[in-house]
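Enquirer: pasted the sequence and its predicted model underneath.
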Amino acid sequence: MDLYEHQARQLFADYGIAVPDAEVVDRPRAAEEAAVRLGGRVVVKAQVKTGGRGKAGGVKLAADPAAAALTARQILGMDIKGHRVRTVMIAQPVDIEAEFYVGYVLDRAAGTFLAIASAEGGMDIEEVAATRPEAVARITIDPAEGVTPAKAAEIAEAASLPAAVAPVLQSLWQVLTQEDALLVEVNPLVRTTDGRILALDGKVTLDDNARFRQSRWGADTDDPHAEPLEAAAAAKGLNYVKLDGEVGIIGNGAGLVMSTLDVVAGCGARPANFLDIGGGASARVMADGLTVILSDPAVKSVFVNVFGGITACDAVADGIVQALETVHLTKPLVVRLDGNNAARGRAILDDRAHPLVQQLTTMDGAAHRASQLALGGH
Ligand code: GDP
Ligand code: MN
């Protein structure tokens, strides 16, 4: 998960990196009040989880509180690279003498961390990196050793940064390691005209594998790539993954679901998604699962492939019948029930006799039928 700038800023401050005073607001009126508290002249900055806000008009200087309100009104609601601006940070402006770039990133290929630093930070760092790679220093960090004072001095020197940046490099390493981050980046880290070193912007990407100990950050509310159906399924405790094809797939147990994907692909169709209703799935879970799968417009047919174990097939059949009460089925449903109570399950579906539901007894047969139906055959 990426953090917002204001969250990264808070982390930097917690670890002793100097940042400008700032407040986060969601209304022009509150922006004006914040500007009064911060001394009148402020920078208004869109809080979105993407870079390039400056170039997109999402970072603006306001000369006084009234201007801060007007600027906030302009920036709030703006769309920056697909991210809607819901809050702005009102920050004390600083007089910049020089802009640097510093960051650490996990280098998966090398199996270690990399320090990246440049004396030419700011909004054009991508261009600098592309046209003059020699202006961007890359130094490998031994994760066991970390960023010692000597290492910090080495990074600063390699990037022609002032020695005063070295303590920031050490603190930033602490942020990376203590906060389970995969990436921390400060661009720009600035030297002010009165000689202070300040982090003016921050990007922090946390390792989602450590989400269980990152409760302080709450839910990610600004991920434009987040799949709404995945979120809806997760809220119901279902394991749903969106794919690119046309056959919706429901199965019980990861192994069966994975092989169902393979068999459908072998029949020439492509899975549209898959949903694992788990080993002990109830009728309720089946109904929820079917609802989620059917709300995906890409789905042309649905293949329910269940091997009854702990979940008996009659419970699954009950779930399908229950789901047919609440969802208006517009796509063909191919069901294959086998294992525990399979005969009873099949009988329940036969009794329901829904025109769009058909049963096959083998996995291959059912996969072929679902694929044919998805590809427009009969
Ligand atoms: P980004 O475009 O999303 O990376 O947003 P930044 O927070 O990095 O802001 C873009 C640029 O705005 C920075 O590179 C600075 O040049 C400028 N900027 C941001 N805050 C201040 C400030 O307090 N004073 C001045 N003079 N410039 C600022
Ligand atoms: Mn920046």
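Expert: Looks like it came in fine. Ligands and ions are numbered 1, 2, ... in the order given.

Enquirer: elements contacting the lowest-mean-pLDDT helix or strand in the chain?
Expert: Scoring the helices and strands of the chain by mean pLDDT, DSSP states H and E places helix 228-235 at the bottom, with a mean of 79. Counting contacts by 3 or more C-beta pairs under 8 Å, 6 or more residues apart in numbering; DSSP states H and E, helix 228-235 packs against strand 239-242, helix 283-294. From N, CA and C alone the C-beta is placed, and that goes for glycine too.

Enquirer: residue contacts, whichever residue of the stretch 201-350 of the chain sits closest to ligand 2?
Expert: The stretch 201-350 of the chain approaches ligand 2 most closely through D201 (3.5 Å), counting by C-beta to the ion. When contacts are counted by C-beta atoms under 8 Å, 6 or more residues apart in numbering, D201 is found next to 5, 186-188.

Enquirer: how about 6 Å then?
Expert: N187 (C-beta atoms under 6 Å, 6 or more residues apart in numbering).

Enquirer: likewise T50?
Expert: 81, 83.

Enquirer: and for L3?
Expert: When the contact criterion is C-beta under 6 Å, 6+ apart, the partners of L3 are V204.

Enquirer: apply 10 Å and report the result again.
Expert: By C-beta atoms under 10 Å, 6 or more residues apart in numbering, the residues touching L3 are 9-11, 49, 179, 181, 184, 202-206, 214, 217, 220.

Enquirer: just the buried members of these?
Expert: Buried members of the contacts of L3, scored by 16 or more other C-beta atoms under 10 Å, are 9-11, 49, 179, 181, 184, 202-206, 214.

Enquirer: just checking, which of the residues you listed comes out lowest on pLDDT?
Expert: The lowest pLDDT within the buried ones among the contacts of L3 belongs to Q214, which sits at 80.

Enquirer: wait, that residue sits on D180?
Expert: Yes. At 6.6 Å, Q214 counts as touching D180 under the criterion of C-beta atoms under 10 Å.

Enquirer: can you pull the residues that touch both of those two?
Expert: By C-beta under 10 Å, 6+ apart, Q214 and D180 have these common neighbours: 206-208.

Enquirer: re the thing from before, need the buried ones among the contacts of L3 in TSV with secondary structure, can you?
Expert: TSV is the format used below for the buried ones among the contacts of L3 (DSSP: H, G, I helix; E, B strand; the rest coil):
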residue	secondary structure
R9	helix
Q10	helix
L11	helix
K49	coil
E179	coil
A181	strand
V184	strand
G202	coil
K203	strand
V204	strand
T205	strand
L206	strand
Q214	coil
